[in-house]
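Student: what's the 3D shape of this:
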Amino acid sequence: MKKILITGASGFIGSSLVEEGLKRGYELVAGIRSTSNRKYLSDERIKFIELDFANKENLKKQISGFSSEHGKFDYVIHNAGITKAKKISDYFIVNSQYTKNLVDALIESGNTPEKFIYMSSLAAIGPGVTKDPIRHTDEPKPVTSYGKSKLESENYLKSIDNFPYIIIRPTAVYGPRDKDIFVLIKMLNSKIEAYIGFGKQILSFIHVKDLVKAIFLTLESPLKRKEYLVSDGAFYDSKTFNTIAKKYLEKKTFALTIPIFVVRPIAYTTETIAMLFGNIALLNRERLKEFAARNWAVDTQPLQNEIGFKAEYDLDRGLKETIEWYKTNGWL
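Tutor: Model prediction:
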């Protein structure tokens with residue numbers, strides 16, 4: 001039985017990876033923090049390891065101790081990271097330096113896995129600069145600190161000779177348990193349909209179950225030292241997303257389009273107020289850069305051709321399932 005370490009296992013994507021790994025018969029090791037919520041990690045087959053990403057020497061001891069007792073990891077899916085931060089530097093500490101620490105600890109402790117899957121992001125490449133879909137071969141031009149921190153991690157993996165990485169760059173991920181797109185759903189449920197900027201924005205999405213499937217397809221393939229963009233293969237706009245969501249929310253809304261030059265000072269103000277209270281603003285200057293970009297469509301042809309990936313969820317089916325989950329679990 002192959003052994004997988006999944007970091008960030010208690011979160012939205014991480015817990016979905018754990019569930020799929022168990023279904024596929026892997027020996028599952030969940031990498032967590034002492035403060036992690038184990039609500040979605042209740043299966044008795046799961047083993048746990050607490051990882052101190054901030055300290056490489058501690059990481060080496062933790063990994064070595066675990067492998068001495070249970071055997072080394074065959075695979076590592078490094079999903080831990082942050083998408084929101086109080087300070088710009090936090091992105092680079094958590095997403096970049098902690099990834100470097102983990103990789104170094106695995107190598108230096110003699111525990112280099114057969115394959116290391118790194119959960120990056122479309123943000124590492126940045127939005128399309130033309131009307132064409134974004135390709136994995138495009139020159140990366142991230143517009144946010146989050147994207148830059150992910151790109152920094154990618155470049156470190158590529159710099160290590162023969163390190164068996166696969167880089168996964170998903171577009172916007174949604175599905176049951178997600179809290180980010182839930183913010184938009186909750187706004188629509190409150191009958192507010194907001195748009196930032198007047199230009200048409202092209203978007204792409206991936207349901208968490210399809211993302212997890214793509215990750216395991218790459219894990220179980222012979223491919224190494226590759227990177228893939230992941231979406232459901234379709235292109236949408238924000239109005240399409242809202243129309244589908246409203247259908248399953250059964251709500252009529254008030255549509256409001258706000259010019260970007262008006263939103264910019266609002267983002268600055270909400271960010272400043274949130275920082276005073278030690279919080280992270282839902283709308284901040286970093287997030288506004290993503291909202292302002294017009295093209296987030298991606299080319300997934302390499303993923304289809306090389307590992308045979310085909311999404312099972314389009315946005316309609318995915319949002320239907322997701323909204324039903326929110327309602328059933330009392331989120332709406």
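Student: quick one: the helices in the stretch 201-332 of the chain?
Tutor: 208-219, 238-249, 260-276, 285-292, 301-307, 315-328 (DSSP state H, counting those that start in this stretch).
Student: can you list those in CSV and add mean neighbour count, distance to R24 and mean pLDDT?
Tutor: Where you see a C-beta, it was placed from the backbone N, CA and C, and this is true even at glycine. Below are those laid out as CSV (neighbours: other Cβ atoms under 10 Å; distance: least, Cβ to Cβ, whole Å; pLDDT from 0 to 100):
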stretch, mean neighbour count, distance to R24, mean pLDDT
helix 208-219, 22, 6, 98
helix 238-249, 18, 30, 95
helix 260-276, 14, 41, 85
helix 285-292, 18, 33, 86
helix 301-307, 15, 15, 95
helix 315-328, 18, 21, 98
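Student: ok, which of these comes nearest F66?
Tutor: Ranking these by proximity to F66 (Cβ to Cβ) places helix 208-219 first, at 19.9 Å.
Student: the closest one packs against which elements?
Tutor: When contacts are defined as 3 or more Cβ pairs under 8 Å, 6 or more residues apart in numbering; DSSP states H and E, helix 208-219 sits against helix 12-23, strand 75-78, strand 115-119, strand 165-170, strand 172-174, strand 226-230, helix 301-307.
Student: following the second one, which helix or strand shows up next?
Tutor: If you walk from strand 75-78 toward the C-terminus, the next helix or strand you reach (DSSP states H and E) is helix 88-91.
Student: give me the buried stretch members for that next one, please.
Tutor: 90-91 (16 or more other Cβ atoms under 10 Å).
Student: contact partners for the nearest residue to E324 once chain neighbours are set aside?
Tutor: What sits nearest to E324 in space, not counting adjacent residues and going by Cβ to Cβ, 6 or more residues apart in numbering, is Y248, at 7.3 Å. By Cβ atoms under 8 Å, 6 or more residues apart in numbering, the contact set of Y248 is 319-320, 323-324.
Student: look up how far I117 lies from I167.
Tutor: Counting by Cβ to Cβ, to the nearest Å, the separation of I167 from I117 is 8 Å.
Student: kindly report the same for D43.
Tutor: The spacing between D43 and I117, counted by Cβ to Cβ, is 21 Å.
Student: the two - which one has more neighbours?
Tutor: I117 (23 against 11; other Cβ atoms under 10 Å).
Student: wait, doesn't that one sit right on A214?
Tutor: No - under the criterion of Cβ atoms under 8 Å, I117 is not in contact with A214, lying 10.2 Å apart.
Student: now do the shared contacts for the two.
Tutor: Shared contacts of I117 and A214 (Cβ under 8 Å, 6+ apart): I168.
Student: re the thing from before, deepest of the helices and strands packed on helix 208-219, which one?
Tutor: The highest mean neighbour count among those, using mean count of other Cβ atoms under 10 Å, belongs to strand 75-78: a mean of 26.
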